[in-house]
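Trainee: Need coordinates for the following:
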Amino acid sequence: QVQLVESGGGLVQAGGSLRLSCAASGRTLSIYNMGWFRQAPGKEREFVAVITRSTSRTYYADSVKGRFTIARDNAKMTGYLQMNSLKPEDTAVYYCAADRSLGYGFESSRYDYWGQGTQVTVSS
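Mentor: Residues are numbered from 1 along each chain as shown. So this is what the prediction gives:
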C-alpha cells in the first residue's frame, strides 16, 4: 500500500497561484494513477484532475481546465497540482489519491488510498 500526505495549501487572493504537493511513501508511486479531488463545505467531493501511471496522460474537470496542471515525479514519489488564476469557487479541501485499478477514471470510489487533505482558501 501507499501513504499520501498533501501540503502547499493556504490562503490566496483571487487570481493568485498555489502549488500543492502529494508526498507518497510505501510502495512505488509508478504503479498508481494519481488523482486530485476537492470538497467544499456542504458539497460532495469532486474530481479535479488525474495523471495516469504509465503514460502520464492528464485529464481535468472542465471547471479547472486551462488553469490547473497535474504532474508527477515518480523518482521523488511526489505528485503535484499547480493551480493558477484561482477563483473563490476553488475554495475547498484538496485531496490526493492513488488508484491501482485497470485503466483510469474520475470516480472517487476507484481510488484506494487518500491523503488527509489540505485547505485551499481563495479570497475575492
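
Trainee: partners of the most centrally placed residue in the chain in the sheet?
Mentor: Geometric centre of the chain, nearest residue: W36, 2.2 Å, by Cα atoms, centre = their mean. For W36, the beta-bridge partners under DSSP bridges are A49, C96.

Trainee: Enumerate every residue touching it.
Mentor: By Cβ atoms under 8 Å, 6 or more residues apart in numbering, the contact set of W36 is L20, C22, V48, A49, V50, I70, G79, L81, Y94, Y95, C96, A97. For glycine as for every other residue, the C-beta is placed from the backbone atoms N, C-alpha and C.

Trainee: correct me, but the second one touches E6?
Mentor: Yes. Counting by Cβ atoms under 8 Å, C22 does reach E6; the two are 5.3 Å apart.

Trainee: Among these two, which residue is more densely surrounded?
Mentor: Using other Cβ atoms under 10 Å as the criterion, C22 and E6 rank with C22 on top: 27 against 22.

Trainee: now the strands: where do they sit in the protein?
Mentor: Ranges of strands in the chain, per DSSP state E, are 2-7, 10-13, 18-26, 33-39, 46-51, 58-60, 68-73, 78-83, 92-99, 113-114, 118-123.

Trainee: Please tabulate those strands in JSON lines, including the columns distance to G105.
Mentor: Compiled in JSON lines, the strands of the chain are given as follows (distance: least, Cβ to Cβ, whole Å):
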{"stretch": "strand 2-7", "distance to G105": "18"}
{"stretch": "strand 10-13", "distance to G105": "29"}
{"stretch": "strand 18-26", "distance to G105": "18"}
{"stretch": "strand 33-39", "distance to G105": "8"}
{"stretch": "strand 46-51", "distance to G105": "8"}
{"stretch": "strand 58-60", "distance to G105": "9"}
{"stretch": "strand 68-73", "distance to G105": "15"}
{"stretch": "strand 78-83", "distance to G105": "17"}
{"stretch": "strand 92-99", "distance to G105": "7"}
{"stretch": "strand 113-114", "distance to G105": "15"}
{"stretch": "strand 118-123", "distance to G105": "23"}
